[in-house]
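1. Sharing a model that was predicted from the sequence below.
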2 protein chains.
Amino acid sequence: MNDDSQNMLSAFMNVNLTSISHNYHKISTFVEPSICAATVKADAYGLGLEEVAITLQNSGCKYFFVTDLYEAIRLRNIFGSNDNVIYALNGLKPTMTNEYISYKITPVIGSTAELEEYRTNTDESALHSIALHFDTGFSRLGFEVNEISKLSINGLNIDLIMSHLSTAEDPQSSLPENQLNQLLKASKRFVGVKKTIANSAAIFRGKSFLLDMVRPGISLYCGYNEKGASTRLESAIELYAPIIQIKDIKAGSTIGYGASYRAVKDIRIALIEFGYADGLPWSLKSTNQQFGGQFYFDNAPTPILGRVSMDIVAIDVTGIKSDIKRGDFVEIIGSNQNIDTLAKNAGTISYEILTRLNSRVKKHYKYV
Amino acid sequence: MNDDSQNMLSAFMNVNLTSISHNYHKISTFVEPSICAATVKADAYGLGLEEVAITLQNSGCKYFFVTDLYEAIRLRNIFGSNDNVIYALNGLKPTMTNEYISYKITPVIGSTAELEEYRTNTDESALHSIALHFDTGFSRLGFEVNEISKLSINGLNIDLIMSHLSTAEDPQSSLPENQLNQLLKASKRFVGVKKTIANSAAIFRGKSFLLDMVRPGISLYCGYNEKGASTRLESAIELYAPIIQIKDIKAGSTIGYGASYRAVKDIRIALIEFGYADGLPWSLKSTNQQFGGQFYFDNAPTPILGRVSMDIVAIDVTGIKSDIKRGDFVEIIGSNQNIDTLAKNAGTISYEILTRLNSRVKKHYKYV
C-alpha cells in the first residue's frame, strides 16, 4: 500500500503553496517599503511549518514569527544556518536561554522576570539579539507601557519592538489607534530599532499601522479581501472527505447521537468519513430547528443532519441529481464554501478550524 | 536539550495506564460472562493508540475496535501476528480488500456495495472473517434491518454482528431497547455468531445489553460512574499548562481579542501557554456577562478572562494566596476539575476535547 492510495481513500486538504507565495508577494508590494515578515506559528496555522516556511523563504521572506522555542528550533532546523530571523513569540522559557543563543532564535521578551533571566545567562558582549514586547492595551504578553522608562536595556542587542492589536478587524473600535500611539510613544526610548504592530487585519486598516515591519498570518493562508484593500488575495486551502455509505431513510427516522434530527420525509443520506476527531467542530450539529452547516457535492449544498460523530457525519443528498456513490468525495472547504462560512456555522473562527485539523487529514501540497 | 526538559516547560497530559487497566478489569468483571472488547479508535480517543492498546492487551483484552483500515494497520503493526481481533468500524475501503486480508483485519461491513466488493475480491474458501453492521435506528453505518433477509451470506466467515446505540445514556429514551430488539431479531439469521451492541453507557443501562460482547471506550479512559453502577472507575487523564507571564491589570482595561472582557477592578492575571491550537476550545471564552470556564492553581479556581487565543489564554489569579510565578503549572483537568466539567463549560462533549488535543501537548504515561 503506497501513500498515494491512502490519500485517495481518506479526507485530505489541498494546500496551494503557489497561492501562499502569491499572497506574500501581493502583501509585500502593498506594504512597501515596510518589511513583510510572516507569522507561521502553530505549525503555520496547521498547514505544515516546513512546506509553508520554505515557500515563504523562496518568495523572499526573511523574518518569521513562531509560537515558542520548540517550534523555533524546528524552524531553525528547516532553514539551517542562514540569516533568516526567527522570533519566538511566547518569550523566554525558564532555564533555556542558551538554547535561544545556540539555535540563533530571537526571544520576544515581555516581562522583567524574563529580561533578568536573559541578562543573568548571557555575556554583555554577546551579539545575540532579542525583541521586546509591549502590552499597549491587549492585556496579554508584554511589558506595561509605564514600565518602559525603568527597563534596564544597556548592553542589550534589541532587534525589534512589537505590540499586538486586540480589535484590528473592527472598524468601529478606536483601540487599535490608541495601541499604535502607545507603541509610538514607547519607541522613543529605542531609537533606530525596528517597530511592528500590524497583523493581517491591521495591514488593511491603514498605512499608519505598517511601521517598519508587518507580520501577516491568516491572510497568507486564507486570503483577506477587506473593503478598500487593493490586493486580491487567494485562499490556499481546500478540504475534502469521502463518502463511505449512502442510504435511504424513511420519514420519522432519527439520525445520529441523541436522535436530535428526525427525517420529516423519506430522504437519502450520505455518511462522510470525517468527524470531530478529524477536526470538524461538534458544534456543526443540526436539529430540525437549527441549521448546522453544510458540505457540497458537485456544487450542490448538502446539509449536515444530526450530530457530528467522532469519525463520521451524515449529510442530506436527497436532491442530488448526479450519480453519487461510496468512494466519492464531498467538498468541506473549496470553491463553494470558504473556511469563514464553515467557521461561522460552527460558532467559531477560521483559525480554530485550521489549527485543529487532525493528523488523519492528509495534506496534498500543490505547486501550481 | 533532552526530552525531559521539554516536558517540564510545555503543556502536558498525564495518561495513567494503570487506571486504564483498572477500568478494564472492573468492566470485564462486571459484564462476565460477556467478552469485554475495547474501542481504541481515533488514536485511542487521543490518548495514544500504541500505549493504550498494549496496556489493554496486557490486561487480557483480545478484541479491539478502530476507525478504519489505516488505523487498523497501525494496530496490527503494534500487535504483530498474534490472535488479537481488530475490527475496522468504518467498513471496507474501496479497492482495498486484500489489505484487510493480508493484515488480518476484520472489516465491519454495513452495505451491499461493500459486501459485493468483498465477495468479488476474496476466495469463497478463505477463512478471513468479517463483521456485519446493522442499523437498528441510528441512521448511521449499517444494513437496514429489512435488508437482512436478502443478504447473500453463503460462504462468508461472519465473526460478529453488531449495532450501535444513539441514546444509550438517556434513561428517558426507549430507543435503546427498540434497537436491542431489532438486533436480536436480525440475529436469528446468524445462529452461533457473536452479537454486540453495548458502548460504555449501555453497559450500565442494563444486563440485557451485554449480549456476547461489550465494547467500552470513554469509560476505559475517563471513568463512567453512573448511578447504580457497582463499579468504581477512574479517570486516567490529567492536563496541565505552564504560566508564561503574570501581570497586574488596572480596572477598566480590556483583556484579549475583541476586548470582550473588561476588568471591573484592579486584578492580577496569569497568561497560560495553552490555546485553541493546543486543543482548548475557543468556546471557553468569557465576557463580563458570561462565565467561560476555569482552571485551578493550588486547588483554587482561576477563571478564564476574555477570548482564548491560538497559543495563550488569560486567567484571573487575583485571589491566589500562594506564591505563583512564571514557570508554574495550572490544572486544566485533574483532581479539581474533570473533563466533563470542562466540556460542559465549552458547550461540547468530553470526547471532542480528548480527540482534539494537539501534538504540542506532550503525553506522560504513568504506570503506577
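-> Structure received.

2. Let me see the mean pLDDT of the helix or strand harbouring A:E177.
-> Using DSSP states H and E, A:E177 sits in helix A:175-186. Taken as a whole, helix A:175-186 carries a mean pLDDT of 96.

3. Quick check: next helix or strand after that helix?
-> Downstream of helix A:175-186 (by DSSP H and E), the next one is strand A:194-198.

4. Run the contact check for that next one versus chain B.
-> No: judged by Cβ under 8 Å from any Cβ of the partner chain, strand A:194-198 and chain B are separated, with a smallest distance of 14.8 Å. C-beta coordinates here come from the backbone N, C-alpha and C atoms, glycine included.

5. any residues touching that strand, and which ones?
-> Applying Cβ atoms under 8 Å, 6 or more residues apart in numbering or on different chains, the contact partners of strand A:194-198 are A:35, A:37, A:136, A:159-165, A:168, A:179-180, A:183-184, A:187, A:205, A:209-216.

6. Direction included, what does the top strand by length along chain A pair against?
-> Using DSSP state E to define each element, chain A has its longest strand at strand A:237-249. Strand A:237-249 pairs in its sheet with strand A:12-16 (antiparallel), strand A:267-272 (antiparallel), strand A:329-333 (antiparallel), by DSSP bridges.

7. Just the contacts of strand A:194-198: which are in strands?
-> Counting by DSSP E, these place A:I35, A:D159, A:L160, A:I161, A:M162, A:M213, A:V214 in strands.

8. okay, who's weakest in these by pLDDT?
-> A:D159 (95).

9. my read: that residue touches A:H128, true?
-> No: with contact defined as Cβ atoms under 8 Å, A:D159 does not reach A:H128; the gap is 9.6 Å.

10. So the spatially closest residue to A:I332 that is not a sequence neighbour versus chain B, what's the distance?
-> In space, and not counting its chain neighbours, A:I332 is closest to A:L239: 4.3 Å by Cβ to Cβ, 6 or more residues apart in numbering or on different chains. Using Cβ to the nearest Cβ, to the nearest Å, A:L239 is found at 16 Å from chain B.

11. Now do A:A126, the pLDDT please.
-> For A:A126, pLDDT reads 72.

12. Repeat that for A:N2.
-> pLDDT, read off for A:N2, is 40.

13. For the helix holding A:E177, which helices and strands make contact with it?
-> Under the contact criterion of 3 or more Cβ pairs under 8 Å, 6 or more residues apart in numbering or on different chains; DSSP states H and E, helix A:175-186 touches strand A:129-135, strand A:194-198.

14. Mean neighbour count, distance to B:I244 and mean pLDDT added to those strands, as a markdown table?
-> Converted to a markdown table, these look like this (neighbours: other Cβ atoms under 10 Å in any protein chain shown; distance: least, Cβ to Cβ, whole Å; pLDDT from 0 to 100):
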| stretch | mean neighbour count | distance to B:I244 | mean pLDDT |
| --- | --- | --- | --- |
| strand A:129-135 | 24 | 11 | 97 |
| strand A:194-198 | 24 | 20 | 98 |
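
15. In a markdown table, list those strands along with distance to A:N16.
-> Below are these laid out as a markdown table (distance: least, Cβ to Cβ, whole Å):
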| stretch | distance to A:N16 |
| --- | --- |
| strand A:129-135 | 31 |
| strand A:194-198 | 24 |
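
16. For the residue nearest the centre of chain A, which non-adjacent residue is spatially closest?
-> Central residue of chain A (Cα atoms, centre = their mean): A:Y45, 3.3 Å from the mean position. Sequence neighbours aside, A:L354 is the residue nearest to A:Y45 in space, at 4.8 Å (criterion: Cβ to Cβ, 6+ apart).

17. And that neighbour, its phi and psi?
-> Main-chain torsions, A:L354, degrees, to the nearest 10: phi -60, psi -50.

18. residues touching A:W282, list them.
-> Contacts for A:W282 (Cβ under 8 Å, 6+ apart) come out as A:Y276, A:R307, A:V308, B:T348, B:I349, B:E352.

19. doesn't A:Y276 make contact with the third one?
-> Same thing as A:V308. Yes: taking Cβ under 8 Å as the definition, A:V308 is a contact partner of A:Y276 at 5.2 Å.

20. Tell me who's in contact with A:E99.
-> A:E99 neighbours (Cβ under 8 Å, 6+ apart): A:L69, A:I73, A:K93, A:I105, B:M1.

21. Distance from the chain centre to the helix or strand it falls within, please.
-> Applying DSSP H and E as the criterion places A:E99 in helix A:97-102. Taking Cα atoms, centre = their mean, to the nearest Å, the mean C-alpha location of helix A:97-102 is offset from the chain mean by 27 Å.

22. for that helix, which positions count as buried?
-> A:T97, A:E99, A:Y100, A:I101 (16 or more other Cβ atoms under 10 Å in any protein chain shown).

23. ok, and the most crowded of the contacts of A:E99?
-> A:K93 (26 neighbours; other Cβ atoms under 10 Å in any protein chain shown).

24. what about that residue, distance to A:M162?
-> A:K93 is 18 Å from A:M162, where distance means Cβ to Cβ, to the nearest Å.

25. what do you get for A:A44?
-> Going from A:A44 to A:M162 by Cβ to Cβ gives 20 Å.

26. and what of A:A38?
-> Applying Cβ to Cβ, the value for A:A38 to A:M162 is 14 Å.

27. Which one's more surrounded, the two?
-> A:A38 (29 against 25).

28. Tell me the bridge partners for that one.
-> For A:A38, the beta-bridge partners under DSSP bridges are A:F64.

29. Tell me how far it lies from B:V40.
-> 39 Å.

30. what ranges do the helices span in chain A?
-> Applying DSSP state H to chain A gives helices spanning A:3-7, A:17-31, A:41-45, A:49-58, A:69-79, A:97-102, A:112-120, A:175-186, A:200-203, A:218-222, A:339-346, A:350-355.

31. Relative to B:I109, which of these is closest?
-> Taking Cβ to Cβ, helix A:3-7 is the member of the helices of chain A nearest to B:I109, at 19.9 Å.

32. low-confidence ranges in chain A?
-> A:1-8, A:124-125, A:225-231 (pLDDT under 70).

33. mind giving me the domain split of it?
-> Per automatic domain parsing, the domain ranges recorded for chain A read A:33-222, A:237-366.

34. Fine by me, thanks again.
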